Each structure stands twice: as structure tokens, then as C-alpha cells.
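Student: based on what follows, work out the 3D shape:
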Amino acid sequence: MNETLLLLILAGVGFVAGVINTIAGGGSLLTLPMLIFMGLPPAIANGTNRIGIFIQSISSIAGFKSKGIAPTIFGVYLGISALIGSLIGAQIAIEIKGDLFNKILAIVMVAVVLFMIFKPKVNINSLVERTKGKYMWISIFTFFFIGIYGGFIQAGVGIFILLALTSINYLNLVSSNAIKVLVVFIYTIGALVIFIYNNQINYLYGFVLALGNASGGWIASRWSVKKGDGLVKIFLVIMVIAMAIKLWLDN
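Tutor: Residues are numbered from 1 along each chain as shown. As a prediction, the model looks like this:
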């Protein structure tokens with residue numbers, strides 16, 4: 001396929017992923033396989049994907065801030081905890097063999113989509129936010145492990161962040177999404193450092209992907225986070241299962 005056309009497709013996939021990452025989480029379930037299908041070794045695809053995630057996070061934070069939802073110190077604490085974990089996770093991703101990574105990614109993709117469909121719902125409309133005291137420390141501890149997962153594979157991490165914030169801290173969806181993009185921004189710095197140090201990034205693909213990610217993240221962060229969630233799930237189920245089968249069979 002023509003290289004220019006491939007880059008345009010990559011930017012388009014990045015845009016869709018940026019929207020998905022901001023309103024729900026799971027956009028890397030599309031971008032990671034896309035980068036692998038474009039010929040990148042799994043570790044380099046994993047590292048390249050972080051450029052898009054990093055720039056998208058900046059765009060999403062700016063979008064939330066333009067709507068009056070600014071980053072909080074609580075989100076910074078969680079981000080720092082996740083940052084420490086991401087250094088461990090990214091190093092694991094660097095050292096793992098490519099074929100094994102593809103197998104793990106295929107399993108994770110299907111597992112995350114199933115979790116999205118069947119995850120427990122928390123009714124937080126009448127509950128008081130819990131962001132101090134023991135609940136803050138429980139979240140800090142939880143986000144260390146979320147950071148390990150995010151540093152390792154990224155795919156679907158936003159879903160786990162939203163689940164933690166709504167079930168542990170009783171935060172509403174808007175606040176949870178705003179904290180989510182801040183946490184991802186902070187821990188992605190650590191993951192990027194590891195991947196850059198180990199020369200595991202294709203910068204051309206990374207910045208083309210980032211252009212799409214950032215555009216989608218900006219639009220979605222200014223759009224109601226409650227819209228389109230069902231459509232996102234349907235789209236992800238179809239695309240992710242197809243990509244997971246291909247990843248598994250190609251090894």
C-alpha cells in the first residue's frame with residue numbers, strides 16, 4: 001500500500017482512538033495493532049504509540065480546562081504513583097519477545113472489551129466524593145499497579161482508571177475523565193523516557209498518530225462524555241475481536 005495512504009489511515013485511526021480514549025478508554029486497542037500491521041516490531045509499535053498518547057493527553061487536558069475542568073492535586077498524586085509503576089511496566093515491555101507480546105496483546109484486547117461490556121456499574125449520583133484520607137491512599141496504591149499495566153501495554157488502561165475513580169472515590173464521569181487524562185499524561189512521561197532510551201520509537205509514525213490522537217482528544221474532551229458510549233462499545237467489539245484474531249494467527 002502507498003506510504004502516504006498508510007499515513008493518512010494511521011492519522012484517521014489516531015483520531016478515532018483519541019475520541020475513544022477521552023470518552024471511555026481503549027483507543028490503543030486500535031492504534032497498537034495498526035502500528036504492528038504497518039510493519040513495526042511490537043516493542044517499537046508500543047513505544048511509538050506513546051507519542052500519540054502523550055500529545056493527546058495534553059490536548060485533552062486543554063480541552064477539559066477550556067470547559068472549566070482544571071487538573072486537581074488529587075490527580076497529580078495519582079499520576080505520580082502511576083509514573084513510578086510505568087517505569088517498571090515499560091521496562092518489561094522492552095525486554096519481552098515480540099511474538100509473546102503479540103499473543104499477550106491479543107488476549108488483553110479481547111479481555112478488555114469483555115470487561116467494558118460486563119463491567120459493574122456504580123450509582124454515584126447520590127454519593128459523596130472520597131478523595132481524602134484512607135481513600136486517597138487506597139487510590140495511590142491502586143494507581144501504582146495501573147501504572148505498571150499502562151507502562152507495559154497501555155491498551156484499555158483508561159477503562160481501569162475510570163473504574164477505580166468511580167468505585168473507590170465516587171467521582172462522577174466528567175471528573176473521572178479529567179483526572180484520567182492527567183494521570184495518563186504524567187505516567188506516559190516515564191514510559192516515553194524508557195522507550196526513547198532504548199530506541200524503540202518510530203518518530204514519523206508517532207507524530208502522524210499524535211496528530212490524529214490530539215484532534216480526537218480535543219473534540220471529545222469538549223463534547224459531552226456521556227454521549228456515544230454505546231456506539232463506542234459496539235465499534236470496539238467488532239474491530240478489536242477482528243484485530244485480536246489476526247494478531248494471534250500471524251504468530
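Student: quick one: low-confidence parts of the stretch 1-150 of the chain?
Tutor: Applying pLDDT under 70 to the stretch 1-150 of the chain flags residues 1, 24-25, 113, 115-127.
Student: now the helices for it?
Tutor: Taking DSSP state H, counting those that start in this stretch as the criterion, the stretch 1-150 of the chain carries its helices at 3-23, 28-37, 42-66, 73-95, 98-118, 134-152.
Student: list the buried residues for the shortest one?
Tutor: What it means is helix 28-37. S28, L29, L30, T31, L32, P33, M34, L35, I36 (16 or more other Cβ atoms under 10 Å). Placement of C-beta: from N, CA and C, glycine included.
Student: ok, now how distant is the first one from N169?
Tutor: Just to be clear, that refers to S28. 24 Å (Cβ to Cβ, to the nearest Å).
Student: then the third one?
Tutor: Taking Cβ to Cβ as the measure, L30 falls 28 Å from N169.
Student: got it, and the fifth one?
Tutor: Using Cβ to Cβ, one obtains 29 Å as the distance from L32 to N169.
Student: now do the last one
Tutor: Separation of I36 from N169 (Cβ to Cβ) stands at 35 Å.
Student: and the residue nearest to A11 when sequence neighbours are not counted, how many neighbours does it have?
Tutor: Of all residues not flanking A11 in the chain, G212 sits nearest, at 4.0 Å (Cβ to Cβ, 6 or more residues apart in numbering). Other residues lying near G212 total 26 when counted by other Cβ atoms under 10 Å.
Student: gap between the helix or strand where G212 lies and the chain center?
Tutor: According to DSSP states H and E, G212 maps onto helix 203-222. Distance, stretch centre to chain centre, for helix 203-222: 13 Å (Cα atoms, centre = their mean, to the nearest Å).
Student: what is it packed up against?
Tutor: Taking 3 or more Cβ pairs under 8 Å, 6 or more residues apart in numbering; DSSP states H and E as contact, the helices and strands that helix 203-222 lies on are helix 3-23, helix 28-37, helix 42-66, helix 173-197.
Student: got JSON lines for the helices of the stretch 1-150 of the chain, with distance to I159 too?
Tutor: Shown next, in JSON lines, are the helices of the stretch 1-150 of the chain (distance: least, Cβ to Cβ, whole Å):
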{"stretch": "helix 3-23", "distance to I159": "10"}
{"stretch": "helix 28-37", "distance to I159": "10"}
{"stretch": "helix 42-66", "distance to I159": "14"}
{"stretch": "helix 73-95", "distance to I159": "15"}
{"stretch": "helix 98-118", "distance to I159": "6"}
{"stretch": "helix 134-152", "distance to I159": "10"}
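Student: out of the ones you listed, flag the one nearest N199.
Tutor: Among the helices of the stretch 1-150 of the chain, helix 42-66 comes nearest to N199, with 8.5 Å by Cβ to Cβ.
Student: so which other helices or strands are in contact with that closest one?
Tutor: Against helix 42-66 (3+ Cβ pairs under 8 Å, 6+ apart) you get helix 3-23, helix 28-37, helix 73-95, helix 98-118, helix 173-197, helix 203-222.
Student: G63 is nearest to which of the ones you listed?
Tutor: helix 203-222 (3.0 Å).
Student: just the buried positions in the closest one, please.
Tutor: 205-206, 208-221.
Student: check stretch 130-150 too.
Tutor: The neighbour-count check on stretch 130-150 (16+ other Cβ under 10 Å) flags T131, M136, S139, T142, F143, F144, F145, I146, G147, I148, Y149, G150 as buried.
Student: out of the residues you listed, which comes closest to I20?
Tutor: Nearest to I20 among the buried residues of stretch 130-150 is G150, at 15.7 Å by Cβ to Cβ.
Student: ok, now which ones touch T31?
Tutor: V13, G14, A17, N49, G52, L209, N213 (Cβ atoms under 8 Å, 6 or more residues apart in numbering).
Student: from memory the first one sits against N213, does it?
Tutor: Same thing as V13. No - in this structure V13 lies outside contact range of N213 using Cβ atoms under 8 Å: 9.4 Å.
Student: fine by me, we can end here.
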